[in-house]
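**Student:** Provide a 3D model corresponding to the input given below.
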Amino acid sequence: MKKSSPLQSGLLLVRTLAVLALCSGASALAFFAFNGVPKALLPEPEEEPQKYAAVPGDKAEDISRLEQYWMDRISYPTGEYDPAWVRRAIAEDLQLARGVPAGQRPSLRSDAALRLDVNAFTPLGPSPGRMTGCAGCFDYGLTAGRVNAIATDPRTNTPGSIHAYIATVGGGIWKTTNCCSTSTSWTPVTDDPLVSTASVGTISIDPNNPDVVYVGTGDLKYGSFSMGSQGILKTTDAGATWRVLAQDVFGAMYPTPPGTVAQYQAVGKVRVDPNDSNKVLAGTKTGIYISYDAGTSWTGPCLTNAHPSQRQDVTGLELTNVGGTTRIVAAIGVRGFATTVQVGLGNNGANGLYRGTVPAS
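**Tutor:** Purely as a prediction, here's the structure:
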């Protein structure tokens, strides 16, 4: 047999190694195709930049709605927004002088904030009563009805013999004639079968005749247990007797869209014109009503603003004599979101403070 030369042997070895390398490469490619490239062989990924806002698919599929909400919020009421406005406002704010009158005091947000001395206050009542409810009902223990308003007879200013009224959400009107000490006692004065409601939200004494008192019924709050109006109560003998006025005007339900939970009307404020006792104003959930005959008949609702599609709840109302003219200051305000039992609370574009004068007629 012929012997191969060293050159031929070397070429054979090279060919063999090449074939093995090709086979190994093919095997590796096939393995990675089915199993993926090992992480150790992959280059280090670049660090993903931190998100400055939510993106679709990142638990914020409704990002468009959220962006529109914030745009509407910062651009109300014009629909326009320029960040330069904020920068200018900051620059102007920095020019304002800052200081604390009458020395320094701690921040109200700190633990060292000033606190009232509870021992310096005298509880005046009415004392809480035990509310056991009915048989098998929850025992609420000692409770007292919410007091929505208080009014004091301006003719009485001697301690121990001051006359005052309080308006409660479920107990009607209570009166005291011996305020204000620990021995102050109260008497309910509207526990009368002719008085159709015990839910009272406001009370007002005629500044020209303190024996005349007006009471707005209903509870201008926004919970599911807010009580409805049954008219306006009036006394002309300092609370000895009462009559109900305008039940047909203020006893109606608050208008709501079809298919929604019914809501109550409520008289949140009542005020008497200091220049004319025949003029009485009532602030309700639907605006201001005006009487020119001491509460017998009423005109309204009257709006303080040009936003008739928005809620008009009158949460504050004051009448002031300004040079013989009666000035009205009215606060319009509702909560900022709707609920199942109060569907219109999100319509709060009219919220604000408004000034005007009482119309002559």
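
**Student:** would you map the helices across this protein?
**Tutor:** 6-35, 63-75, 83-94, 247-250 (DSSP state H).

**Student:** got the angle between the second one and helix 83-94?
**Tutor:** For helix 63-75 against helix 83-94, the angle by axes from the mean of the first three to the mean of the last three C-alpha atoms, to 10 degrees is 40 degrees.

**Student:** which elements pack onto helix 63-75?
**Tutor:** Judged by 3 or more C-beta pairs under 8 Å, 6 or more residues apart in numbering; DSSP states H and E, helix 63-75 is in contact with no other helix or strand. Using the backbone N, CA and C atoms, a C-beta is placed for each residue, glycine as well.

**Student:** now do the third one
**Tutor:** Based on contacts counted as 3+ C-beta pairs under 8 Å, 6+ apart, there is no element that helix 83-94 packs against.

**Student:** just the CA coordinates of that helix, formatted as PDB?
**Tutor:** Output of helix 83-94 as PDB, limited to C-alpha atoms (Å, rounded to 0.1, in the frame of the first residue of the first chain):
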ATOM      1  CA  PRO A  83     -47.700  77.800  30.700                       C
ATOM      2  CA  ALA A  84     -46.300  81.200  30.500                       C
ATOM      3  CA  TRP A  85     -49.200  82.500  32.600                       C
ATOM      4  CA  VAL A  86     -48.100  80.300  35.500                       C
ATOM      5  CA  ARG A  87     -44.500  81.500  35.200                       C
ATOM      6  CA  ARG A  88     -45.700  85.100  35.300                       C
ATOM      7  CA  ALA A  89     -47.900  84.400  38.300                       C
ATOM      8  CA  ILE A  90     -45.000  82.800  40.200                       C
ATOM      9  CA  ALA A  91     -42.800  85.900  39.400                       C
ATOM     10  CA  GLU A  92     -45.500  88.200  40.600                       C
ATOM     11  CA  ASP A  93     -46.100  86.100  43.700                       C
ATOM     12  CA  LEU A  94     -42.400  86.300  44.700                       C
END
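
**Student:** report the mean per-residue pLDDT for that helix.
**Tutor:** Summarised as a single mean, pLDDT over helix 83-94 is 84.

**Student:** kindly report the same for the shortest one.
**Tutor:** When pLDDT is averaged along helix 247-250, the result is 92.

**Student:** so what touches that helix?
**Tutor:** For helix 247-250, contacts defined as C-beta atoms under 8 Å, 6 or more residues apart in numbering pick out 196, 216-218, 229-232, 265, 267, 282, 284, 289, 298, 300.

**Student:** what residues sit buried inside it?
**Tutor:** 249, 250 (16 or more other C-beta atoms under 10 Å).

**Student:** could you do the third one as well?
**Tutor:** Buried residues in helix 83-94, counting neighbours by 16+ other C-beta under 10 Å, are absent.

**Student:** please renumber so the chain begins at 44
**Tutor:** Let's use 44 as the start, then, which means that last one is helix 126-137.

**Student:** show me how far that helix is from its chain's centre.
**Tutor:** 28 Å (C-alpha atoms, centre = their mean, to the nearest Å).

**Student:** just the buried residues of the contacts of helix 290-293.
**Tutor:** 259-261, 272-275, 308, 310, 325, 327, 332, 341, 343.

**Student:** show me these that map onto strands.
**Tutor:** 259, 260, 275, 310, 325, 327, 332, 343 (DSSP state E).

**Student:** OK, contacts around the closest residue in space to the fifth one that isn't next to it in sequence?
**Tutor:** Pointing back at residue 325 there. Nearest residue to residue 325, sequence neighbours excluded (C-beta to C-beta, 6 or more residues apart in numbering): residue 332, at 4.6 Å. Neighbour list for residue 332: 292, 293, 324, 325, 341, 342, 343, 344, 345 [criterion: C-beta under 8 Å, 6+ apart].

**Student:** contacts only, for the fifth one.
**Tutor:** Contacts for residue 341 (C-beta under 8 Å, 6+ apart) come out as 289, 292, 293, 325, 332, 333, 334.

**Student:** and the residue nearest to residue 325, how far from residue 221?
**Tutor:** For residue 332, the distance to residue 221 equals 35 Å [C-beta to C-beta, to the nearest Å].

**Student:** quick revisit: and the two most separated of the buried ones among the contacts of helix 290-293?
**Tutor:** Between any two of these, the greatest separation by C-beta to C-beta is 17.1 Å, found for 273 and 343.

**Student:** count of neighbours near residue 345?
**Tutor:** Number of residues near residue 345 (other C-beta atoms under 10 Å) recorded here: 16.

**Student:** mind putting the contacts of residue 341 in JSON lines, distance to residue 232 included?
**Tutor:** JSON lines is the format used below for these (distance: C-beta to C-beta, whole Å):
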{"residue": "289", "distance to residue 232": "20"}
{"residue": "292", "distance to residue 232": "24"}
{"residue": "293", "distance to residue 232": "20"}
{"residue": "325", "distance to residue 232": "21"}
{"residue": "332", "distance to residue 232": "25"}
{"residue": "333", "distance to residue 232": "27"}
{"residue": "334", "distance to residue 232": "22"}
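
**Student:** closest one to residue 118 out of these, please.
**Tutor:** Minimum distance to residue 118 across the contacts of residue 341 is 34.5 Å, recorded for residue 332 (C-beta to C-beta).
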